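coordinates only, sequence not included:
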């Protein structure tokens, strides 16, 4: 059987990946756009968060910078797609590759940035909550806030326009709404939350690595699909919760597989 420690660790990581999955959900499901920027923007968020933490900046400000860094990467993808008419898939690949150099620059030319001696959100939480469950509590609080932001944002007029753009771009244009602006906003917000997930991940793990973004888009898509299949999609709130729970289930499946001796 899987140990309690491994179970808690899987849920902690699952809640961080849930934020990534929600970002992927916004681009993949809401905007109906395959966005491969995720593999790069999550490292941008992680690098920005880790570097600021090493400089003594408050961890919450470091997470804000992680969100902004990810959002900038998503905005560049959207501009390549809408203004230069490059296909969304190719635009995402181009930004994912290009942002590698930017991430290295953010990290000061180092491929790995340790945070063992730096103050993070999780070390602060360890002083406020019981040590065993502090990371779990932080993850739960952040995830609930993110789901609430997603829900209320997608219920606004702009949110409805964003959802309509993914459903029928021609109809949105006919209604006098700029589909290009909606794509720009959607991909920026999507990758902003992916960057936030990266920032949390670096603070949770205690380091940032230049190669930590490999396969993240697959994790995000898998979480979205698993969540929707298991927990259903009858309402917007249920879909958002399903996506988040899908990420947790994904991590639990990995933990069980490792527990059975798979390398």
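Yes, it's here. Please read these numbers as outputs of a predicted model, since none were measured by experiment.

next, count neighbours for residue 131.
9 (other C-beta atoms under 10 Å). Quick note: C-beta positions are derived from backbone N, CA and C, even for glycine.

and residue 105, by the same measure?
10.

just residue 126 next, same as before
Residue 126: 15 neighbours (other C-beta under 10 Å).

so what's it up against?
When contacts are counted by C-beta atoms under 8 Å, 6 or more residues apart in numbering, residue 126 touches residue 134.

and the helices in the stretch 101-250 of the chain?
121-128, 134-154, 157-167, 169-174, 179-205, 216-231, 236-259 (DSSP state H, counting those that start in this stretch).

for residue 113, which of those is the nearest?
helix 179-205 (7.8 Å; C-beta to C-beta).

what is that closest one packed up against?
helix 4-25, helix 38-54, helix 59-82, helix 121-128, helix 134-154, helix 157-167, helix 169-174 (3 or more C-beta pairs under 8 Å, 6 or more residues apart in numbering; DSSP states H and E).

work out the gap between the fourth one and the centre of the chain.
Meaning helix 121-128. Taking the mean of its C-alpha atoms, helix 121-128 sits 22 Å from the chain's own mean (C-alpha atoms, centre = their mean, to the nearest Å).

between that helix and helix 134-154, how many degrees?
120 degrees (axes from the mean of the first three to the mean of the last three C-alpha atoms, to 10 degrees).

which non-adjacent residue is nearest residue 227?
Of all residues not flanking residue 227 in the chain, residue 246 sits nearest, at 2.3 Å (C-beta to C-beta, 6 or more residues apart in numbering).

in this structure the one you found contacts residue 224, no?
Yes: between residue 246 and residue 224 there is a contact at 6.2 Å, judged by C-beta atoms under 8 Å.

give me the common contacts of the two.
Joint contacts of residue 246 and residue 224 (C-beta under 8 Å, 6+ apart) are residue 21.

so what's residue 52 up against?
Counting by C-beta under 8 Å, 6+ apart, residue 52 makes contact with 61, 62, 65.

ok, now how distant is the closest residue to residue 200 other than its chain neighbours from residue 63?
Of all residues not flanking residue 200 in the chain, residue 16 sits nearest, at 4.9 Å (C-beta to C-beta, 6+ apart). Residue 16 sits 12 Å away from residue 63, going by C-beta to C-beta, to the nearest Å.
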